[in-house]
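A.B. asks: give the three-dimensional model of this entry:
(one chain, ligands or ions: 1)
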Amino acid sequence: MTREDAALLSRVESLLADPAHARHPLRQALEALYHHHLEEKARLERLVSISDGYQRLAVENQQSARQGYDKIRRRQEKLSRISDGYQQLMREHNLALARDSTHDSLTGLPNRRMVDEHLKQEAQRATRHAAPYTLAILDIDHFKRINDRHGHEIGDRVLVAIARVMQGELREYDLCARWGGEEFLLLLAETRLEEARTILTRLLRRLAAVSIEVGDATLSITASAGLSEHRAGEDPLDDTLQRADRALLQAKRSGRNRCCITPTRG
Ligand SMILES: Nc1nc2c(ncn2[C@@H]2O[C@H](COP(=O)(O)OP(=O)(O)OP(=O)(O)O)[C@@H](O)[C@H]2O)c(=O)[nH]1
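C.D. replies: Below you'll find the model as predicted:
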């Protein structure tokens, strides 16, 4: 209520209360108007109060709806984080499984299964592009002595060291796999026998220069290798590798620390 309204009301109340105007012809009408005004004012105040209550309720509802929504959103974000983490874990787990199934756990080199896959691909490539490739089988010389003298653990260290050297020496499109025990299979892509022999001779020299510290002593090794070039139409494992194996035997028999080849024909 404004100051003017309050002053007017107070003036009306004074007029109504004044006995001098008790018989005034407008007094009754003024009194009725005054009471009507008070009732209307009270009604208006009630309406305002109800309206305020509604507004308060609406705001509270809005707030609680927003809080509820935020809570659900936070929960969903949390769930999606958990799900993302779980999926990432599964992906890593599957990758690790796939890797374990195709790689040797000691050296980290590809294993036989991986060789099989590569040989299939290489066979297709060789047929399509007439691209030659050579297989080499490399075997550490007198490895049993290393195990016997220094123990299996040192033998393992030697295998790991050799694997690392071979991976460093070969081209990235070649394959160097652990074939079993102290034997490694090398697939030299797009490589003819003579070129492969040069690569293997260099590799054997590199291996012979490796020093492995065992306590106070320094250990060194040599290796022998047999090579054979794949011939069109033949099975790489049944034929090419068999010839490479025979060449390896020849390398061992003729004094070790060397590589031998089987001629491309014959
Ligand atoms: N430390 C270790 N030794 C292995 C592993 N796999 C095979 N060997 C050993 O490798 C040795 C292979 O010995 P042999 O087949 O007699 O051949 P070698 O002593 O290398 O002799 P040559 O091949 O004739 O020069 C055996 O003593 C096996 O126990 C392995 O994963 N770790």
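A.B. asks: run the chain-centre distance for stretch 17-31.
C.D. replies: The chain centre lies 95 Å from the centre of stretch 17-31; the measure is CA atoms, centre = their mean, to the nearest Å.
A.B. asks: tell me the mean pLDDT over it?
C.D. replies: Per-region confidence: stretch 17-31 scores 91 on mean pLDDT.
A.B. asks: pLDDT score assigned to whatever residue of the stretch 51-200 of the chain ends up closest to the ligand?
C.D. replies: The nearest approach of the stretch 51-200 of the chain to the ligand comes at Gly155, 2.6 Å away (CB to the nearest ligand atom). (Glycine included, C-beta is placed from N, CA and C.) On the pLDDT scale, Gly155 is placed at 95.
A.B. asks: how close does it sit to Ser14?
C.D. replies: 119 Å (CB to CB, to the nearest Å).
A.B. asks: the more surrounded of these two?
C.D. replies: More crowded of Gly155 and Ser14, by other CB atoms under 10 Å: Gly155, with 19 against 10.
A.B. asks: now the strands for this structure?
C.D. replies: 134-140, 175-180, 183-188, 212-214, 217-219, 223-229, 259-261 (DSSP state E).
A.B. asks: a markdown table for those, including mean pLDDT?
C.D. replies: As requested, those are exported to a markdown table (pLDDT from 0 to 100):
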| stretch | mean pLDDT |
| --- | --- |
| strand 134-140 | 97 |
| strand 175-180 | 96 |
| strand 183-188 | 97 |
| strand 212-214 | 89 |
| strand 217-219 | 90 |
| strand 223-229 | 97 |
| strand 259-261 | 96 |
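A.B. asks: okay if I get these as a markdown table plus mean neighbour count?
C.D. replies: What follows is these, written out as a markdown table (neighbours: other CB atoms under 10 Å):
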| stretch | mean neighbour count |
| --- | --- |
| strand 134-140 | 25 |
| strand 175-180 | 21 |
| strand 183-188 | 23 |
| strand 212-214 | 14 |
| strand 217-219 | 12 |
| strand 223-229 | 26 |
| strand 259-261 | 22 |
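A.B. asks: can you tell which of these is closest to Thr2?
C.D. replies: Across the strands of the chain, Thr2 has its closest neighbour in strand 175-180 (96.7 Å, CB to CB).
A.B. asks: chain center to that closest one, what's the gap?
C.D. replies: Put simply, strand 175-180 sits 26 Å off its chain's centre (CA atoms, centre = their mean).
A.B. asks: what helices or strands is it leaning on?
C.D. replies: Counting contacts by 3 or more CB pairs under 8 Å, 6 or more residues apart in numbering; DSSP states H and E, strand 175-180 packs against helix 112-129, helix 152-169, strand 183-188.
A.B. asks: that one near the ligand at all?
C.D. replies: No: for a cut-off given as CB under 6 Å from any ligand atom, strand 175-180 has no contacts with the ligand; the smallest distance is 7.3 Å.
A.B. asks: so what touches that strand?
C.D. replies: 104, 106-107, 109-112, 114-115, 118, 137, 159, 163, 166-167, 170, 184-187, 189 (CB atoms under 8 Å, 6 or more residues apart in numbering).
A.B. asks: do stretch 111-119 as well
C.D. replies: For stretch 111-119, using CB under 8 Å, 6+ apart, the contacting residues are 101-104, 110, 175, 177-180, 185, 187, 236-237.
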